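Enquirer: need coordinates for the below:
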Amino acid sequence: MFEIEYEFREEDLIHFNEIQFMRNEDIQNNIRKNRWIVPGIMGLIGSFYYFYYGDIKSSGYVVAIAILWALLSPKIMMLDLRRQILKNYTNKEKINMFGSYTLSIDPANPNYLLEKSPSGKHKMAWSELVRVEYGKRYVYIYISLNTALVIPVETVKKGNLEQFAEQAEKMIERFA
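Expert: Prediction:
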C-alpha cells in the first residue's frame, strides 16, 4: 500500500493559484499591456511637459512615476491576487481545506485514490484524474484542468512522495 501524509497550508493554496495565474495567456497579455502602455503614455506626457513648457522638474516626476509603474505594477497585482484568493473562501471552507491530508493507493481497492482530509474521506476514481505534475517544491495531482491536489514536499510527514507520485502516474495512465 502506497500512502503519504502531508500538511496543506494557506501558502500552498496561494502558490498553486499564482502558477495558474501565470500560465493564463490572457492575463499575461493584460499585465504586459498595463506594464508598458500606461508608462508609455506617461512618458509622452512627461516629454510634452519638457519640450512644450520647458519644465524639467514636472517632466522628471512624471517619468519617475512611469518607471515605478512599469517596475512595481506586476508585483502589486500579485499581492492583490493573494488577497483575493484568500478572500474567496469562508472561514469554514478554510478550516475544511487546510490541515493534514493522507493520500493512499490501496491494492485491495485499485480503482480509487483514497483521500483523508480535514473535510472527511473521499474516493477519487483514477479514470477521472488528469495527470501528475512535478514542481520544484510541489507535486500536483490534477483532478481537472484547473484543480489539483497540491502536495508540498517540505510538509510530507509520512511516506515516500517520489514513489507515491510515480505509482499515481502509473495508475492514471492505466485507467485513462
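
Enquirer: report the buried residues of the longest helix seen in the chain.
Expert: In terms of residue count, the longest helix belonging to the chain (DSSP state H) is helix 56-87. For helix 56-87, burial by neighbour count (16 or more other CB atoms under 10 Å) applies to 59, 62, 63, 65, 66, 69, 70, 73, 77, 82, 85. C-beta here means a position set from N, CA and C on the backbone, and glycine is covered the same way.

Enquirer: which other helices and strands contact it?
Expert: In terms of contacts (3 or more CB pairs under 8 Å, 6 or more residues apart in numbering; DSSP states H and E), helix 56-87 is packed against helix 10-23, helix 25-48.

Enquirer: and residue 55, which of the ones you listed is closest to it?
Expert: With respect to residue 55, and counting by CB to CB, the nearest of the helices and strands packed on helix 56-87 is helix 25-48 at 9.7 Å.

Enquirer: quick one: low-confidence parts of this protein?
Expert: Under the criterion pLDDT under 70, no range of the chain is flagged.

Enquirer: and the closest residue in space to residue 112 that isn't next to it in sequence, helix, strand or coil?
Expert: Distances taken as CB to CB, 6 or more residues apart in numbering put residue 123 closest to residue 112, at 4.2 Å, once the chain neighbours are dropped. Following DSSP: H, G, I helix; E, B strand; the rest coil, residue 123 is assigned to strand.
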